[in-house]
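S.K.: below: sequence and its predicted model.
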Amino acid sequence: MTTDTNGYKIAALYHFARLDDHAAMREPLASFCCERGIKGTLLLAREGINGTVAGPAGSIDELLAYLKSIPALAALEAKLSHSPDMPFHRMKVRLKKEIVTMGVPDLDPADAGTYVAPSEWNDLISDPDTIVIDTRNDYEYALGTFRNAIDPQTSSFTEFPGWVERHHNQLAGRKIAMFCTGGIRCEKSTAYLKSVGLNDVYHLRGGILKYLEEVPASESLWEGECFVFDERVAVKHGLEIGEAELCRACRYPLTQKDRESPHYVVGISCPHCIDKRSEEDRARYAERQKQVELSERRGGRKHIGS
């Protein structure tokens, strides 16, 4: 296993491709990652691969080369960033029906909307004739989004087609710009819009992560932080680790304002779950938090619940 004294390289990746042998790929891929100290989650489906992993820089480079050696994945691209700490607890390779679950059968992501480079995104979404839609979930939108973006208020991507159906008349005949964290949702969401007759559709190439990596903060139309599904919680411009923290009771990302609420108790409750958890739940969370703090005082390994 390679080592890295400068922290860990993180690769967020996806690629739509026909993988008829995706089930047979699972065990070799899991072994390859574990042997090199890589952790995170990779999803395999007949339609392709999706996931985020972290490890020593050399190990991540080896993994990307390994994946690209598979003919169907030769064009795979990854968004790369770094963290001083390992942002995952374990390595998982899972088999799925879809690499991003929308629940629309026979949708072809190859018929997606028009890609827009990060350098050209500001011009598109600044056009008053453009409708800008955030395809992520409501809690992600709450942490940060592009200026004037619409929040469909979905808690799951499977709710998005229903939102489009309800707003089809408002969207018809308009220029539509869509974005998500890394780009994968927009491959399907733009393809879905085209399948229901909304054809003037665009999406941000590489997603928010690529935009934050390439566009200077002084020129940015992004407001807030971008939620990521690992222990960093959120990133900001330059893909630097953000200020948001997770509520360990409900896993909701918390801003500084959230953490100043009287309902926020570390590891036990926050303004978003104070009315959604029972006293028994909070007693259990309190015991878990006690174990976390005890582990940290002892100077041992970081407790998995922390």
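M.R.: Looks like it arrived, so ask away. Because the structure is predicted, anything quoted here is derived from the model rather than measured. Numbering: from 1, shown residues only.
S.K.: quick one: low-confidence parts of the stretch 1-150 of the chain?
M.R.: Residues of the stretch 1-150 of the chain meeting the criterion pLDDT under 70: 1-6.
S.K.: pLDDT of the longest helix anywhere in the chain, averaged?
M.R.: Longest helix in the chain, counting residues (DSSP state H): helix 279-297. Mean per-residue pLDDT for helix 279-297: 90.
S.K.: next, count neighbours for the residue lying closest to residue 286 once chain neighbours are set aside.
M.R.: Spatial nearest neighbour of residue 286, chain neighbours left out: residue 268 (5.3 Å); criterion: Cβ to Cβ, 6 or more residues apart in numbering. (C-beta placed from N, C-alpha, C; glycine too.) Neighbour count for residue 268, taken as other Cβ atoms under 10 Å: 22.
S.K.: same thing with residue 173?
M.R.: The burial count for residue 173: 9, using other Cβ under 10 Å.
S.K.: spit out the contact partners of it.
M.R.: residue 200 (Cβ atoms under 8 Å, 6 or more residues apart in numbering).
S.K.: same question for residue 179.
M.R.: 121, 132-135, 146, 149, 186, 203-204, 207-208, 211.
S.K.: among those residues, name the ones in strands.
M.R.: Of these, the ones assigned to strands by DSSP state E are 132-134, 146, 203-204.
S.K.: show the buried residues in these.
M.R.: Buried members of the ones in strands among the contacts of residue 179, counted by 16 or more other Cβ atoms under 10 Å: 132-134, 146, 203-204.
S.K.: and of these, the nearest to residue 106?
M.R.: Closest to residue 106 out of these is residue 203 (20.4 Å), distances taken as Cβ to Cβ.
S.K.: can you count the residues close to the residue nearest to the closest one when sequence neighbours are not counted?
M.R.: Closest residue to residue 203 apart from its sequence neighbours, by Cβ to Cβ, 6+ apart: residue 186 at 3.7 Å. Other residues lying near residue 186 total 28 when counted by other Cβ under 10 Å.
S.K.: partner strands of the helix or strand harbouring residue 49 and their direction?
M.R.: Using DSSP states H and E, residue 49 sits within strand 48-55. Strand 48-55 has its sheet partners listed here by DSSP bridges as strand 8-16 (antiparallel), strand 39-45 (antiparallel).
S.K.: sorry, back to before: how near is the residue nearest to residue 286 to residue 39?
M.R.: 27 Å (Cβ to Cβ, to the nearest Å).
S.K.: need the helices for this structure, in chain order.
M.R.: Using DSSP H, the helices of the chain run over residues 22-35, 57-68, 118-126, 138-143, 160-166, 168-171, 184-195, 207-214, 256-259, 279-297.
S.K.: just the pLDDT at residue 305, thanks.
M.R.: Note for residue 305: predicted pLDDT of 44.
S.K.: pull up the distance across stretch 154-168, start to finish.
M.R.: 16 Å (Cα to Cα, to the nearest Å).
S.K.: buried set for it?
M.R.: Neighbour counts over stretch 154-168 (16+ other Cβ under 10 Å) mark 154, 157, 159-161, 164 as buried.
S.K.: please apply the same query to stretch 106-117.
M.R.: 107, 109, 112-113, 116.
S.K.: contacts for it, please.
M.R.: 16, 47, 124, 176-178, 186-188, 190-195, 201-205.
S.K.: of those residues, buried ones?
M.R.: Here, 16+ other Cβ under 10 Å leaves 16, 47, 124, 176-178, 186-188, 190-194, 201-205 buried among the contacts of stretch 106-117.
S.K.: thank you kindly, that will do.
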